[in-house]
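Asker: Build me a model from this:
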Amino acid sequence: MLPPRTVLFSMAVLAAGVLGQRARRPPRPPSPISAILPKADFDAQQFAGTWLLVAVAASCRFLQEQGHRAEATTLHVDPQDTFMAVNTFRKLDGICWQVRQLYRRTEAPGRFRLQARGASGEVLVAVGETDYRSFAILYLERARRLTVKLYARSLPVDDSVVDMFEQRVQQANLTQDHVLYFPKYGFCEAADQFHVLDEVGRRGPQQPVAEEA
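Answerer: Model (predicted):
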């Protein structure tokens, strides 16, 4: 028969082990964007230049409620050593706004990190598919929610590209009801100094209503 002290010690060790198992949280599921394969051998220099936003697919309530306010949106991409400088131009109440952002490169080509506005913080970005000349499909993850965006160099977009985009939307567990197509006219090329939202440096007090990342 074991001495009382030995029995008490064994019980204490067993209890600690049980409590440790109860306190241990289950592993967090992988990030949704981690399942997206980025463009093989992504070339940022070929990706540079102007892109027109064609469509966005997202499950966020903001996009559904504010979709009627969508305006033609232009993206200007300028690759640097460790990031891509991205300038977005769009209208709000008839006034052109410019949003400055940095897409910081990661070790994986075609994947970027973006520090966006709002409490949900960092956005993960992946360039899923592009031929560099006519279309690009981008994936963005914010607060573990995935958004799919279709860009084009010029309009209209080939039907086969739209079909591909809609397939990728379904593969991202989104539906056609989550897709918002943007206007094909009224693009901005510039904004004055009073309508610049700088997410790279200090942010001004004014912020335009833009689509969710």
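
Asker: And the host helix or strand of residue 180, what's buried?
Answerer: Per DSSP states H and E, residue 180 falls inside strand 179-181. Buried residues in strand 179-181, counting neighbours by 16 or more other C-beta atoms under 10 Å, are found at 179, 180. All C-beta spots, glycine's among them, are computed from the backbone N, C-alpha and C.

Asker: Show me what that strand is packed against.
Answerer: Where contact means 3 or more C-beta pairs under 8 Å, 6 or more residues apart in numbering; DSSP states H and E, strand 179-181 is packed against strand 49-57.

Asker: Wait, residue 71 touches residue 95, no?
Answerer: No. Counting by C-beta atoms under 8 Å, residue 71 sits too far from residue 95 to count as a contact (10.2 Å).

Asker: These two: which is more packed in?
Answerer: Neighbours were tallied for residue 71 and for residue 95 using other C-beta atoms under 10 Å; the higher tally belongs to residue 71 (22 against 13).

Asker: dump the residue contacts of the nearest residue to the more buried one once chain neighbours are set aside.
Answerer: In space, and not counting its chain neighbours, residue 71 is closest to residue 91: 4.2 Å by C-beta to C-beta, 6 or more residues apart in numbering. By C-beta atoms under 8 Å, 6 or more residues apart in numbering, the contact set of residue 91 is 71, 72, 97, 186, 188.

Asker: Kindly indicate whether the first one is helix, strand or coil.
Answerer: Going by DSSP: H, G, I helix; E, B strand; the rest coil, the secondary structure assigned to residue 71 is coil.

Asker: And it, its phi and psi?
Answerer: Main-chain dihedrals, residue 71, degrees, to the nearest 10: phi -120, psi 160.

Asker: What are the boundaries of the helices in this structure?
Answerer: Under the criterion DSSP state H, helices of the chain are mapped to 4-23, 44-47, 61-66, 159-171.

Asker: Centre of the chain to the second one, how far?
Answerer: I take that to be helix 44-47. Taking C-alpha atoms, centre = their mean, to the nearest Å, one finds helix 44-47 lying 19 Å from the centre of the chain it belongs to.
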